[in-house]
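Q: What shape does this take:
(chains A and B)
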Amino acid sequence: ETGVTQTPRHLVMGMTNKKSLKCEQHLGHNAMYWYKQSAKKPLELMFVYSLEERVENNSVPSRFSPECPNSSHLFLHLHTLQPEDSALYLCASSQDWRDGSYNEQFFGPGTRLTVL
Amino acid sequence: GQNIDQPTEMTATEGAIVQINCTYQTSGFNGLFWYQQHAGEAPTFLSYNVLDGLEEKGRFSSFLSRSKGYSYLLLKELQMKDSASYLCAVSRTDSNYQLIWGAGTKLIIKP
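A: Numbers count the residues shown, from 1 in each chain, chains lettered A, B, ... in the order given. Here you go, the predicted model:
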């Protein structure tokens, strides 16, 4: 595997289900991101981890719970979602930006989530 | 507030040239990115500008004017495979260098 991979690619779940999205990066990066992409809207940054520490949590509802067990893996745990949470969820990785260098982000293909 | 604007959709002809504009109003500007995203696929990096001027990379060029809060992506010799969405994003020092994204411009190439 190369780059950033995400599983599953498609997910349909009911409002009472619990599911998890998985992301893995094979680029040796130390920062990982979750984004939500809805049609005709800007990418919304949800969470950022750098060196396995959460550094951003942009007012995301608690029904989304991230987990970063190591610098290569990132999970997004989902429970009691709402239909408006249906979207494409993208994972990305980069080198840590805190030395002032620009953080070119490499994206996975996304998980298309539908909440019924 | 923080704002990034780009046209929603543009149409161009195969072999022609198209310019996609992006204007931004942000504090702590630390560079501007352009990404390409084909339908159903991941966004992929195209260019990064932090200083004023034109950066050329093959058929694609990106321009930045920090004083005007303006950038454009120029695509030459358009090919059908260039049909995609083009995303503009700004990095800001006062948001922990995280990227603020525009909604993207859907480019349709016609034969």
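Q: mean confidence for stretch B:93-108?
A: For stretch B:93-108, mean pLDDT rounds to 86.
Q: With only the CA atoms kept, save that stretch in CSV.
A: C-alpha atoms of stretch B:93-108 as CSV (Å, rounded to 0.1, in the frame of the first residue of the first chain):
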residue,chain,number,x,y,z
THR,B,93,-0.2,31.2,11.3
ASP,B,94,-3.0,32.2,13.7
SER,B,95,-4.9,29.0,13.2
ASN,B,96,-2.0,26.7,14.0
TYR,B,97,-1.1,26.7,10.3
GLN,B,98,-4.3,24.8,9.4
LEU,B,99,-5.8,25.3,6.0
ILE,B,100,-9.0,27.3,5.3
TRP,B,101,-10.6,26.0,2.2
GLY,B,102,-12.7,27.5,-0.6
ALA,B,103,-15.8,25.5,-1.8
GLY,B,104,-14.0,24.6,-5.0
THR,B,105,-14.5,25.4,-8.7
LYS,B,106,-15.9,22.6,-10.9
LEU,B,107,-14.2,22.8,-14.3
ILE,B,108,-16.0,21.2,-17.2
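Q: distance between that stretch and the chain's centre?
A: Its chain's C-alpha centre and that of stretch B:93-108 lie 9 Å apart, by C-alpha atoms, centre = their mean, to the nearest Å.
Q: Let me know whether B:Thr93 touches B:Gly28 as I believe.
A: Yes: with contact defined as C-beta atoms under 8 Å, B:Thr93 reaches B:Gly28; the gap is 4.0 Å. C-beta: built from backbone N, CA, C; applies to glycine.
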